[in-house]
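Asks: What follows is a predicted protein model with its sequence.
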Amino acid sequence: MKQEFVHNDITVIGGGLAGVCAAIAAARLGQQVALVQNRPVLGGNSSSEVRVWVCGATAHGTNRYARETGIMGELFVENQYRNPEGNPYLWDLVVLEAIKAESNITLYLNTDVHEVEAEGNETDRKITSVTGWMMGSERRIRFESSIYLDCTGDGLIGFLAGAQFALGREARSEYGEEWAPEIADNITLGSTILFYTKDAGMPVSFVPPFFAKNIADTSIPIRRVIKSGDSGCHYWWIEWGGEHDAVHDNELIRDELWSVIYGIWDYIKNSGKFAADNMTLEWVGSQPGKREYRRFTGDYVLNQNDIIEQRDFADAVAFGGWSIDLHPPQGMYAEASGSKHMHADGVYHVPFRSLYSANVNNLLMAGRDISASHVAFGTTRVMATCAVIGEAAGTGAALSASKGISPRQLHDHHLAELKQTLLKQDASIIGLRNSDELDLARKAKVTASSTLSVIEINQPGATFPLIQDAALLLPVDPGLSGFQLLLDIKQQTEITVELWDTGRKENYVPHTQVATATTRAEAGQQQWVSFDLEWHPLEPQNAFIIIRANAAVNLYHSEEPLNGVLIFFKNDQAHVSKDLEDHSTDQLVVLWKMQNKARQPFCCRLNSATAAFAAHNVINGYHRPFGGPQAWLSQPMTDEVPEWLQLQWEQEQSLTEIHLTFNDDVNEDLVNLHHHRTPFAIIPELVRNYRVEARTADGEWNVVLRGTDNHKRKCVHRLPQPIQTDCLKVVIESTNGSRHAELMEIRAYGN
C-alpha cells in the first residue's frame, strides 16, 4: 500500500458543483486547495453519471433576472457556448476544465475519504486530518489543512468529525414552519435514477429483464405522465427511498429504481399504447441521485419562514430562488402529485452562519448539507444554489485560512470583507453595493459617447389578443409621465391599465397599486394609444403595469428586447400537469408568467425621458438588475462608429488591473443539459470586440488591451505593467447581436 501525506491550506471533500465552486473560489484567492472526489468525474448529480439538470434561482424561468453569476454563472455561459446540444459528457468537460485552469488546485479523483481525525470535546472540535483511498491506484492519502469543507452531499466528513446535524423532518413547532409535520420523523426526500432514449431509425425490440416491475400493476400509469419521447429529467419523478435510509439502503433503493425504469420502458415498448417501435434505450444511470441526507447545524438554521419572507440577513452571502419543493415519502408510488411547491415573491438570501459548523470550528459546509431545516432544504438543495453557496463557503474558507482564524471569527470580525470579496469576484449578494475602497473607478467621473434616454419599443412583430390580463415591467427613473401602447382595436372600447410597484427591488410581481388609467379608443390598426399614468417614486424602481383583458384589443410583441423591460401573462391554471407538480396560482410568481416570451416585450413607449441606462450606472455599486437594469446602454450602434464609456480622474492614477462586467442577461434561463434551448450559443447582449485606451500626459490615447470574440460576462485584465493615466476609455466595437453597447460594471485597481 502506497501512503502519502498532502498538506494544503484548504481541503474540499466532494466534487459536485458545490465543491467545484468552493475549490475555485478559494484557489483564486491564492490558497492551495486539495479537491477530493470519490467518483471518476466532477459535477455530482449533474455529471454524466447521473445527469440531473442544474436548476437554480430562475426556477425554470419563474423568477426574473435571477440566474446565478460568479463561478456558477461562468459555467452556465461557457456550457451554452461550448455545448449547445446539452451533451452530458461535454458538460463534464466544462466542469473539469474549470478546475484544471486553476493552478492552485490539486485534484484527486476516485478518492474516497472515509477516515477523519478530530480533537476536542463535543462543543468545540477541530479536524486535524482526513484520509482517503484512491481506487485504481491503491494510494492511501492523508490530507492535512487548516480549513476543511464538507461538500459530500451526504455529510460524511462532518459526521465522522462529530459535527452536530439533523436528519429527517423537524416538527412544526421547532421553527414554526407551515409545511413541517406536527411530529418529527426520519423521512427524507427520495433518490432518482434517470434514463435516456433515442430513435434508432429502425424497429428495435426490447426484452425486459426478469426483475422489471410490471408497472401496470402499480399506480404509476395512472398518477404519472409517461411519454415515449420523454427521457432524462422528464422522469425526475422516478423517485423512491424517502421512507428508507438514503445512505445505508442505497443499494436497495437503486434496485427498486432499476426495476421501475425497465418496467416503464417495457410498458412504453410493448404495451401497444405508444408509437415507440424505433425507440431504444441509450443510457440508464448506474447510481441513484440522492436528494437528501444529513444537514449540519450551523450558527443559524435557515427555515421556511426565512425563504418565504425573503428575510434580509446582515451576513447574506448567497441567494436562491427555487421553490420550496417537497415530494411525497412514497415517491413514484404516491397517490399525491409528485411534488408540491411553495414560492416566495422572488429570490431569498442565505446567511454565512448557515455555512459553518456550530461545533467543529474549522469545518464549512456547502451543497445539500448546509444548516437548513428539512422544509427550507426543499429549495436550497438544487445544484445552482448549492454552487453559489459553495463559492461563498470557499471564499470564507480562503479568508479564514489566510488570516489564521475560524469561520465564526471571520463572521464576527471580517464580515464586510467577506461580502465585498464575493462581490468583487462577481458572486451575487442581491442588493449589496460595491464599497471597495481600492476600486479607483468609484472615484472617477463617467461619460459616454451616447446613452439610451428613452424607452420606445417600436419594432412590431406578432400580435397578442388581449383575452387575458397581460403586463409590462418598466424601469422608472426618475418618474413616469404618460405611457403608450401599440394596439389593434376592433371596435370602440375602453382600455384599462394599472400601475403597481413591486415591493422589494429584487421582485418582479405586482405588490401595491399606485395608479390606474382608462382610455377610450376608436377602431384602428397599429395605433399608439396613450394612458395618463403618473408616478414619481422617491427612488428609482420598477413599475409593473397590468393591461386588463379586453377581447376587442390586440397588443403587439416586439421583435427586439430591451434590457430592463419584461412581459407577463396572467396564468389562472397551474403551469404543470397536476399529476406531476402542484404549483398553486395564488402565488404571484406562478400567477404572472412570461410564457417563453422573455425576448418579445409589448411595443410601448414612455412619454418622459429615462435615466435608467445612464453611464454612471457602471460605478453605482450594482452589477446586476435591482430595482432597474443598473447598466449603461448606448443608443443603437452603427457599424462605422463604435460606442465608448470613459472614466476621468482629477489626478493621474497608476492602474494595474481592469475589471469589465458585461450584460449576459441574467433573465435568460440557462440549463446545462437543456431543459430548453435558446436560439443562440452566446448571449446577444454580451460585448464581442472591445478595446481599452488610456490617455497619456501629453493627451495621446494608447490602446492598453483588447478583447476579441468575447463570450464571457466578466473579463479581468491584469496589465503587464502599470499604466499612468487620468482618463480610461472602454471602446465597444461590436456585440454578439444586440444593437446597444451594454456594460454593467467597471472596476479599476492600482498597485
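Replies: Looks like it arrived, so ask away.

Asks: Now residue 473. Nearest residue, chain neighbours left out?
Replies: residue 566 (4.0 Å; Cβ to Cβ, 6 or more residues apart in numbering). C-beta: built from backbone N, CA, C; applies to glycine.

Asks: Give me the pLDDT for the one you found.
Replies: Here the pLDDT value assigned to residue 566 is 97.

Asks: which stretches of the stretch 151-300 of the chain form helices?
Replies: 156-161, 172-175, 220-223, 250-270 (DSSP state H, counting those that start in this stretch).

Asks: nearest to residue 527, of the ones you listed?
Replies: Among these, helix 220-223 comes nearest to residue 527, with 50.6 Å by Cβ to Cβ.

Asks: tell me which residues of stretch 741-751 are tucked away?
Replies: For stretch 741-751, a neighbour-count test (16 or more other Cβ atoms under 10 Å) marks 741, 742, 743, 744, 745, 746, 747, 748, 749 as buried.

Asks: low-confidence ranges in the protein?
Replies: 573-579 (pLDDT under 70).

Asks: So it: which segments form each domain?
Replies: For the chain, automatic domain parsing gives the domain ranges 2-170+295-424, 191-284, 440-451+613-749, 456-606.

Asks: could those domains be laid out in CSV, adding distance to residue 184?
Replies: Shown next, in CSV, are the domains of the chain (distance: least, Cβ to Cβ, whole Å):
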stretch, distance to residue 184
domain 2-170+295-424, 6
domain 191-284, 15
domain 440-451+613-749, 35
domain 456-606, 24
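
Asks: Quick check: which of the ones you listed has the most neighbours on average?
Replies: domain 2-170+295-424 (a mean of 22; mean count of other Cβ atoms under 10 Å).

Asks: my guess is residue 375 contacts residue 174, does it?
Replies: No: taking contacts as Cβ atoms under 8 Å, residue 375 lies outside contact range of residue 174: 10.2 Å.

Asks: which residues are in contact with both of these two?
Replies: Jointly contacting residue 375 and residue 174 under the rule Cβ atoms under 8 Å, 6 or more residues apart in numbering are residue 180.

Asks: re earlier: what's the closest of the domains of the chain to residue 181?
Replies: Per Cβ to Cβ, nearest to residue 181 of the domains of the chain: domain 2-170+295-424, 5.4 Å.

Asks: what about that closest one, how long is it end to end?
Replies: 42 Å (Cα to Cα, to the nearest Å).

Asks: same thing with stretch 671-680?
Replies: So stretch 671-680: terminal residues 13 Å apart, Cα to Cα.

Asks: burial count for residue 181?
Replies: 15 (other Cβ atoms under 10 Å).

Asks: Give me the contacts around stretch 92-104.
Replies: Contacts for stretch 92-104 (Cβ under 8 Å, 6+ apart): 17, 20, 23-24, 26-28, 30-33, 35, 41-43, 46-48, 71, 74-75, 78-79, 82-83, 105, 107.

Asks: hey, where'd the helices end up in the stretch 351-500 of the chain?
Replies: 374-380, 383-403, 407-413, 415-424.

Asks: Turn those helices into JSON lines, columns for distance to residue 94.
Replies: Compiled in JSON lines, the helices of the stretch 351-500 of the chain are given as follows (distance: least, Cβ to Cβ, whole Å):
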{"stretch": "helix 374-380", "distance to residue 94": "24"}
{"stretch": "helix 383-403", "distance to residue 94": "13"}
{"stretch": "helix 407-413", "distance to residue 94": "29"}
{"stretch": "helix 415-424", "distance to residue 94": "22"}
